[in-house]
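> Give me a 3D structure for the following:
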Amino acid sequence: MPDTPMGNSSKEILGSLSKIVIGMANLRNEFGTGHGRNSSFKPLPVRYGKLTAGATITLIEFLLDTIESKNS
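Now for the predicted structure:
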């Protein structure tokens, strides 16, 4: 992205979305149910799943729109 106010803001937003994805992957590894947890294990609240799903949908829509605009 060019070094412009729009480019810099876009980089910041995309970086934040990337950090959400990485952070949620780390939480999933630590608190997910797929790693054979013991009986005292407490999973993350549902709101974290909603945050991940919402951020993922937003990122995918943006990436698809970007690809589409480049192919037009």
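
> remind me which residues of the protein are low pLDDT?
For the chain, residues meeting the criterion pLDDT under 70 lie at 1, 33-36.

> could you pull out the helices for it?
With DSSP state H, the ranges of helices along the chain come out as 5-31, 46-71.

> quick one, the longest one and helix 46-71 angle?
Spelled out, it's helix 5-31. With axes from the mean of the first three to the mean of the last three C-alpha atoms, to 10 degrees applied, the angle from helix 5-31 to helix 46-71 works out at 140 degrees.

> Give the buried residues for helix 5-31.
Under the neighbour-count criterion of 16 or more other C-beta atoms under 10 Å, helix 5-31 has I20, M24, R28 buried. To be clear about C-beta, it is placed using only N, CA and C from the backbone, and glycine gets the same treatment.

> Ok, stretch 44-64 next?
For stretch 44-64, burial by neighbour count (16+ other C-beta under 10 Å) applies to L44, T52, A55.

> Please look at the first one and M24 and confirm they touch.
No: in this structure, L44 is not within contact of M24 by C-beta atoms under 8 Å, at 9.3 Å.

> which residues touch the closest residue to T56 other than its chain neighbours?
Spatial nearest neighbour of T56, excluding adjacent residues (C-beta to C-beta, 6 or more residues apart in numbering): V21 at 7.1 Å. When the contact criterion is C-beta atoms under 8 Å, 6 or more residues apart in numbering, the partners of V21 are T52, A55, T56, L59.

> What distance do you get for the third one to S18?
Distance from T56 to S18, counting by C-beta to C-beta, to the nearest Å: 12 Å.

> which of the contacts of V21 lies closest to S10?
Nearest to S10 among the contacts of V21, counting by C-beta to C-beta, is L59 at 12.7 Å.
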